[in-house]
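# pasting a predicted model and its sequence here:
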Amino acid sequence: MIAPRIMVVEDEEPLGVLLRYNLEAEGYQVEIVTRGDEAELRLQENVPDLLVLDWMVPAVSGIELCRRLRMREQTERLPIIMLTARGEESDRVRGLSTGSDDYLVKPFSMPELVARVKALLRRAKPEVLSSVLKVGDIVLDREQHRVYRKKSEIKLGPTEFRLLEFMMQHPGRVFSRGQLLDNVWGETIYIDERTVDVHVGRLRKAVNTGRMPDVIRTVRGSGYAIREE
């Protein structure tokens, strides 16, 4: 299973290290960003499955970044947990009304944060945690590591399986080659972007057997998407 991706925007280094350790221990992929403006740029390139956002980060505050994210189509439904030292009711109301889905007041326990992350992902993005994904007539079983189309099993290599799994989590959404490389292969691995074309070609050949319609859409100049129907 592709691990859910979490971006943590936190400028307190000890807390950032603690958050990374505990979230990675739960199986999440974690990216730490220390400035609001840097986070905004990263979120324009690649949207994670959940954002943990400190209210008082430098350059662009967490509350302002949250407001901007809710105005963008790509991030208007991004699950956001706000972290803050502000515990007054008026501050909690402001944070939630700006667009955060949950609100944690410092100091907080790591088990509570992890529990809230799981609960928010389960509520806002169930496909990230589900053991079975279904898009159109394709079914992907993460636990059994099997793929079926119209009840016929499709044999896929490990890379094609991860590629299909990621795209099925976001049906209809177009991903560039760079975004697919980051999310399927990992940001720390250098691979030529044309490698994506090779694996998409293999995946397309495997799932589109016989006269079945092509479920993978190529958007010239933009990337690839899996058709919702």
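Here it is on my side, so go on.
# now the strands for the protein?
5-9, 29-33, 50-54, 80-84, 102-105, 132-135, 138-141, 146-149, 152-154, 216-219, 223-226 (DSSP state E).
# and the last one, what other elements does it pack with?
Right, strand 223-226. Identification of packing neighbours for strand 223-226 by 3 or more Cβ pairs under 8 Å, 6 or more residues apart in numbering; DSSP states H and E yields helix 158-169, helix 177-180, strand 216-219. Glycine gets a C-beta too; all of them are placed from N, C-alpha and C.
# mind checking how far that strand is from the chain centre?
Put simply, strand 223-226 sits 16 Å off its chain's centre (Cα atoms, centre = their mean, to the nearest Å).
# can you list contacts of that strand?
Here strand 223-226 makes contact (Cβ atoms under 8 Å, 6 or more residues apart in numbering) with 135, 164, 167-168, 170-177, 179-180, 196, 200, 215-219.
# weed out the non-buried ones from those residues.
Buried members of those, scored by 16 or more other Cβ atoms under 10 Å, are 135, 164, 167-168, 170-171, 175-177, 179-180, 196, 200, 215-216.
# hmm, which two among these are most spread apart?
Greatest spatial distance in the buried ones among the contacts of strand 223-226: Val135 and Arg177, 20.8 Å, computed using Cβ to Cβ.
# which secondary element of this protein has the worst mean pLDDT?
helix 89-98 (a mean of 72; mean pLDDT, DSSP states H and E).
# residue nearest the centroid of this protein?
Asp49 (2.8 Å; Cα atoms, centre = their mean).
# where does it fall, phi/psi-wise?
phi -80, psi -20 (degrees, to the nearest 10).
# so where's the chain uncertain?
1, 86-89, 91-92, 95, 187-189, 229 (pLDDT under 70).
# in stretch 148-161, what's buried?
Buried residues in stretch 148-161, counted by 16+ other Cβ under 10 Å: Arg149, Ile154, Leu156, Thr159, Glu160, Phe161.
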